[in-house]
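> here is a sequence together with a model predicted from it:
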Amino acid sequence: MKRWILGLYILCLSVSSFGEDLQLWLYYSTNLQVDENISKIEKVWKRAADAGYTHVMLADSKFSRLGGLGDMEKKYFANIGKVRKIAADNKLTIIPCLFPIGYSNSLLWHDPSLAEGLPVKEAPFIASKGKIIPTNDPNITLGKPDWKDDSVKIEGNMARIENPQGNSRMTYKLKVPRFRCYHVSVWIKTENFGGNPEIKALAGDKSLQYQNLGVEKTQDWKEYHVVFNTLENEQIAIYFGVWGGARGKLEWRDWKIEEAGLVNVLRRPGTPVEAKGFSEGKDFDRILDPKLGNDPWNGEYKAWHEPPSIKTSLPEGTKLSISYYHPAIIYDGQVSCCVSGQEISKLLEDEAERMKSAWNAKGYMMSHDEIRTLNWDKSCADRNLDAGKILADNVKFCAGLLNGSDVYVWNDMFDPFHNARKDYYLVRGNLSGSWEGLDKSVIIMNWNFSKRDDSLKFFADRGHRQVIAGYYDAPVKEVEKWLESSKKVKGVTGIMYTTWRNNYDNLEAFAEAVKK
């Protein structure tokens, strides 16, 4: 009898890997504070239910802010009630997202200083006219490029690129101090330019700078800024240019580099500020940046603004060496929180309690995803652990806060065939082993399309159930490749229509492709 039951269980797992028996999921991101979004939900979710969808993964940045919202709180929770009724009427199971550990801006709304910090060590400052100001020591400048592509035409402090057929760049090779923060600025003008101008800071093949410039196709002169930390490196290269060719005209002028100064200084116990031989409050005012992580609102960071004015009573010309920590800003403003320390643990505990109270959901999605900065500040370094172990501890803690519910998580940060590896963005150390923090009851939302066979097998062998996170605004036909891969492993229970563009045009077509 036991053998018969075991055989039936294995058969059911195997059958559930085939397209016709997969649960259909919908990824839906919104702002529940806006009433008209509730009407949109009603229409889209009705379509989804009619097409055979059974689950909705629901994301809203305000899920990290359910406490302390003041006047919006009553309205927001009323809208949650409306959404729960829409789901019930359409027999849809809501899986709300929480714990934004990688894209942490909404969590950092509570305290912008809880961002993961990159260390600046003994940066040079000087007392001047009653204030502390940064000095360029050593004096690093951007004069004539060390190398350029032929397509870059330079005249004095201006460079021009027109209709480049391939890469079109100019490069500076610099000797720099370790663990120093630099600000690079440049003015840019474009005329019907179809490429993507970039400023790169590289140490060998390792990128130190990931901020997007956001240059428009046609624009008059406008100044752009990036900030980067040299970390352990003493040799770097700064690139200005475009990669892959483009049509149109691009002009650069007045590019320069300088010490960034006390911009976006983090202030919490795990990110101490120290000045050799001097004391805050005695020799100079407390170092605080009033624009840290609050432009235009809490949790939003600008890589560059004018450094804060720090008053000092020190004699004119007094030299100081100041050590501090600052956040890394990735692409279009992504900042990751520090996962070590009691401050963030308390926030996560509070978020879990408020979300469970608001939703009473069958399951919850842990939003650990693309954690691009980790294991640098004192909170992390004092633990003497590799990045993978630090992340494993955090995800285990977070899953424990959801005990009694189904728990889901994205695959990427726990996948050796994806991001759980060495040299991932600005993570210090190796993320390998992060998966050890996942109990096999945690269900994996797998979006590793390029290595889907290896990834699906890895998690299946560990005993995890999986839901495929497909589509991503690509041709619907791509789902066929996922379905073929799902047949090779046990425990794939569903597949999700995942759109980052809020494009639901292909909802029905996606469902039909899965059911074939």
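Cool, the structure landed. This one's a predicted model, so the numbers in the text were calculated from it and none came from an experiment.
> for the one residue sitting closest to the centre of the chain, phi and psi?
Closest to where the C-alpha atoms of the chain average out (Cα atoms, centre = their mean) is residue 103, at 3.8 Å. Residue 103 adopts backbone torsions of phi -90, psi 80, taken as degrees, to the nearest 10.
> so it touches residue 332, yeah?
No: taking contacts as Cβ atoms under 8 Å, residue 103 lies outside contact range of residue 332: 10.6 Å. For the C-beta atoms, the positions are set from N, CA and C on the backbone; glycine is no exception.
> which residues are in contact with each of the two?
Taking Cβ atoms under 8 Å, 6 or more residues apart in numbering as the contact rule, residue 103 and residue 332 have no neighbour in common.
> chain neighbours aside, what residue packs nearest to the residue nearest to the centre of the chain?
Distance criterion Cβ to Cβ, 6 or more residues apart in numbering; nearest residue to residue 103, sequence neighbours excluded, is residue 334 at 5.5 Å.
> can you count the residues close to residue 432?
The local packing count at residue 432 equals 15, with neighbours defined by other Cβ atoms under 10 Å.
> is it in a helix, a strand, or coil?
Going by DSSP: H, G, I helix; E, B strand; the rest coil, the secondary structure assigned to residue 432 is coil.
> roughly how far apart are it and residue 388?
Plainly put, residue 432 is 5 Å away from residue 388 if you go by Cβ to Cβ, to the nearest Å.
> swap in residue 482?
Counting by Cβ to Cβ, the gap from residue 482 to residue 388 is 27 Å.
> when those two are compared, which one has more neighbours?
For residue 482 against residue 388, the residue with the higher neighbour count under other Cβ under 10 Å is residue 388, and the figures read 26 against 23.
> which secondary structure element contains the more buried one?
Secondary structure from DSSP states H and E places residue 388 in helix 387-401.
> partner residues bridging the residue nearest to residue 103?
Counting by DSSP bridges, residue 334 forms beta bridges with residue 330.
> which ones are touching it?
102-103, 105, 370, 372 are the contacts of residue 334 under Cβ under 8 Å, 6+ apart.
> out of those, who's nearest residue 74?
When these are compared for distance to residue 74, the smallest value, 24.7 Å, is given by residue 105; criterion: Cβ to Cβ.
> which residue is the nearest non-sequential neighbour of that closest one?
If the residues on either side of it in the chain are set aside, residue 105 comes closest to residue 299, at 4.2 Å by Cβ to Cβ, 6+ apart.
> helix/strand/coil for that neighbour?
Going by three-state DSSP: residue 299 is coil.
> neighbours of it, how many?
The burial metric for residue 299, expressed as a neighbour count using other Cβ under 10 Å, is 22.
> distance of it relative to residue 293?
Using Cβ to Cβ, residue 299 is found at 6 Å from residue 293.
> any common contacting residues for those two?
Residues touching both residue 299 and residue 293 comprise 108, 112, 335, with contact defined as Cβ under 8 Å, 6+ apart.
> what residues sit buried inside the helix holding residue 388?
Of the residues in helix 387-401, those with enough neighbours to count as buried (16 or more other Cβ atoms under 10 Å) are 387-395, 397-399, 401.
> so where's the stretch 401-516 of the chain uncertain?
Along the stretch 401-516 of the chain, no part satisfies pLDDT under 70.
> oh, that last question was meant for the chain, not what I typed.
For the chain, residues meeting the criterion pLDDT under 70 lie at 1-20, 68-72.
> hmm, try it at 50
The chain contains residues with pLDDT under 50 at 1-20.
> and it, what are its domains?
Domain assignment for the chain, taken from automatic domain parsing, gives 2-112+336-515, 117-334.
> out of the ones you listed, which is the most enclosed?
Sort the domains of the chain by mean neighbour count, taking mean count of other Cβ atoms under 10 Å, and domain 2-112+336-515 sits at the top with a mean of 19.
> hang on, residue 351 packs against residue 99?
Yes: the pair formed by residue 351 and residue 99 meets the contact definition of Cβ under 8 Å, at 6.8 Å.
> which residues do these two both contact?
Contact criterion Cβ under 8 Å, 6+ apart; residues bridging residue 351 and residue 99 by contacting each: residue 107.
> these two touch, right, residue 437 and residue 391?
Yes: taking Cβ under 8 Å as the definition, residue 437 is a contact partner of residue 391 at 6.8 Å.
> which SSE is the closest residue to residue 499 other than its chain neighbours in?
Closest residue to residue 499 in three dimensions, ignoring its sequence neighbours and counting by Cβ to Cβ, 6+ apart: residue 473, at 5.5 Å. Using DSSP H and E, residue 473 maps to neither a helix nor a strand.
> go on, residue 254?
Here residue 254, judged by DSSP H and E, is contained in strand 249-259.
> hang on, the earlier thing: roughly how far out does the helix holding residue 388 sit from the chain middle?
Centroid separation for helix 387-401 versus its chain: 17 Å, with Cα atoms, centre = their mean, to the nearest Å.
> renumber starting at 39 from here on
Got it, the first residue is 39 from now on, which makes the last one we talked about helix 425-439.
> look up how far residue 179 lies from the nearest residue to residue 301 once chain neighbours are set aside.
In space, residue 301 comes closest to residue 345 once its chain neighbours are excluded; the distance is 5.1 Å by Cβ to Cβ, 6+ apart. Between residue 345 and residue 179 the distance is 19 Å, computed by Cβ to Cβ.
> ok so, going back, want to try JSON lines for the buried residues of helix 425-439, with distance to residue 170 as columns?
Formatted as JSON lines, these follow (distance: Cβ to Cβ, whole Å):
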{"residue": "425", "distance to residue 170": "34"}
{"residue": "426", "distance to residue 170": "39"}
{"residue": "427", "distance to residue 170": "38"}
{"residue": "428", "distance to residue 170": "34"}
{"residue": "429", "distance to residue 170": "37"}
{"residue": "430", "distance to residue 170": "41"}
{"residue": "431", "distance to residue 170": "38"}
{"residue": "432", "distance to residue 170": "36"}
{"residue": "433", "distance to residue 170": "41"}
{"residue": "435", "distance to residue 170": "39"}
{"residue": "436", "distance to residue 170": "40"}
{"residue": "437", "distance to residue 170": "45"}
{"residue": "439", "distance to residue 170": "42"}
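> can you tell me which of the residues you listed is nearest residue 262?
Comparing every one of the buried residues of helix 425-439 with residue 262 (Cβ to Cβ), the shortest separation belongs to residue 425, at 31.0 Å.
> now do the closest one against residue 461, distance only.
Between residue 425 and residue 461 the computed distance is 11 Å (Cβ to Cβ).
> same check, this time on residue 104
Distance from residue 104 to residue 461, counting by Cβ to Cβ: 37 Å.
> which ones are touching the spatially closest residue to residue 491 that is not a sequence neighbour?
The shortest distance from residue 491 to any non-neighbouring residue, by Cβ to Cβ, 6+ apart, is to residue 523 (5.2 Å). Counting by Cβ under 8 Å, 6+ apart, residue 523 touches 490-491, 494.
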